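[1] predicted model, plus sequence, below.
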Amino acid sequence: SYGDLRNATNGFSSSNCIGSGSFGTVFKALLPAENDVVAVKVLNLKRRGAMKSFLAECESLKDIRHRNLVKLLTACSSIDYQGNEFRALIYEFMPNGSLDMWLHPEEVEEIHRPSRTLTLLERLDIAVDVASVLEYLHVHCHEPIAHCDLKPSNILLNDDLTAHLSDFGLARLLLKFDQESFLNYLSSAGVRGTIGYAAPEYGLGGQPSVHGDVYSFGVLLLEMFTGKRPTNELFGGNVTLHSYTKSALPEQVLDIADKLILHSGLRVGFPHAECLASVLEVGLRCCEESPANRLAITQVVKDLNSIKERFF
Ligand code: ADP
């Protein structure tokens, strides 16, 4: 209930707040009855009402399970006597924070900063984890689910650094409940996303799609294996990422990958440079401008697994 959550999060106090994102604010909480540490995501939706169907939709999300998804435990929807609405999603807690913190520790407050950097193999494992869960959402669920907001802050790491995707299904939920603000968000992200994670077609009012997720996954790979944010001038400053591949012939993609390695902060010795080039090539092929030309997620999983076998 709302009361339980308020107590467990210390009245939603800033000391319990662990971050805020596009759709709400996240608090750490200890549920006394279960003695479980959880993450409570308080949503800020514009649409009002429809409390019951909100909960029913959350129930259906609970059935979507995969080892690389952050488990949705329950949802809360309530309204107080003044008519204020409150909606929250309660997830399992991921103790190693988000991938974003691991990729850019210099931007993280000291107390939250990871004590070391990720190795190449750990990065590859995380990439395989994320691609596998996307494959599950895109191909193996009874209706394909596009995540629509894939980025390092949505990839959370467990004790053993297994990657767990968060916010899955939130896109579908919001599309049903608050379509107007969600499509607004997507298209504004698309405009910013020319230098970020959102696929270029979103900026043109395109509907969410699995191809859009593959684009974002490509950006993610380039970021993970160069150590640079997509806004970095390494990727052409405010030139779109896909402009790299737009004009490139297939054989030039490897040259581009080499250039990225040369300019990236990651210093690795041979044969790892070759491994990096292969991963970056996959990333670039996910970032094709035209959705139909991007790799399918099943191919991405195969390619990343065979790179792992070849080099490790
Ligand atoms: P964004 O929209 O940027 O992804 P979120 O609102 O999903 O932001 O989450 C904000 C931050 O809260 C994340 O970057 C992460 O550090 C933290 N967080 C979210 N969910 C969890 C969780 N289940 N366990 C631990 N930390 C979480």
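    Perfect, I can see it now.
[2] for the rest of this, base every contact and every neighbour count on C-alpha atoms.
    Noted.
[3] quick check, pLDDT for the spatially closest residue to Ala199 that is not a sequence neighbour.
    Nearest non-adjacent residue to Ala199, counting by Cα to Cα, 6 or more residues apart in numbering: Gly212, 5.2 Å away. The confidence metric pLDDT takes the value 92 at Gly212.
[4] what's the closest non-adjacent residue to Ala146?
    Val210 (4.9 Å).
[5] now do Leu221
    According to Cα to Cα, 6+ apart, the nearest residue to Leu221 is Gly283 (5.4 Å).
[6] element containing that neighbour?
    helix 272-286 (DSSP states H and E).
[7] pull out the buried residues from the helix or strand that that helix is followed by.
    Counting by DSSP H and E, the element after helix 272-286 in chain order, helix or strand, is helix 297-311. By 16 or more other Cα atoms under 10 Å, the buried positions in helix 297-311 come out as 297, 300-301, 303-304, 307-308.
[8] can I get those in TSV including distance to Glu135?
    Formatted as TSV, the buried residues of helix 297-311 follow (distance: Cα to Cα, whole Å):
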residue	distance to Glu135
Ile297	6
Val300	9
Val301	8
Asp303	13
Leu304	13
Ile307	18
Lys308	18
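[9] let me have those in JSON lines, extended by pLDDT and distance to Cys287.
    As requested, those are exported to JSON lines (pLDDT from 0 to 100; distance: Cα to Cα, whole Å):
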{"residue": "Ile297", "pLDDT": "97", "distance to Cys287": "12"}
{"residue": "Val300", "pLDDT": "98", "distance to Cys287": "12"}
{"residue": "Val301", "pLDDT": "98", "distance to Cys287": "15"}
{"residue": "Asp303", "pLDDT": "98", "distance to Cys287": "15"}
{"residue": "Leu304", "pLDDT": "98", "distance to Cys287": "16"}
{"residue": "Ile307", "pLDDT": "96", "distance to Cys287": "19"}
{"residue": "Lys308", "pLDDT": "96", "distance to Cys287": "21"}
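[10] the ligand: which of those residues is nearest?
    Ile297 (21.4 Å; Cα to the nearest ligand atom).
[11] my read is that that closest one contacts Val128, right?
    No - the criterion here is Cα atoms under 8 Å, and Ile297 misses it with Val128 at 10.8 Å.
[12] what's the following helix or strand after the helix or strand that contains Glu180?
    Applying DSSP H and E as the criterion places Glu180 in helix 179-192. Later in the chain than helix 179-192, the nearest helix or strand by DSSP H and E is helix 200-203.
[13] flag every residue of this structure that's near the ligand.
    18-22, 24-26, 39, 91-95, 97-98, 153-154 (Cα under 6 Å from any ligand atom).
[14] just the buried ones from the residues you listed?
    24-26, 39, 91-94, 97-98, 153-154.
[15] ok, and what's touching stretch 10-26?
    Identification of contacts with stretch 10-26 by Cα atoms under 8 Å, 6 or more residues apart in numbering yields 5-6, 9, 27-29, 39-45.
[16] what's the end-to-end length of that stretch?
    End-to-end distance of stretch 10-26: 13 Å, with Cα to Cα, to the nearest Å as the criterion.
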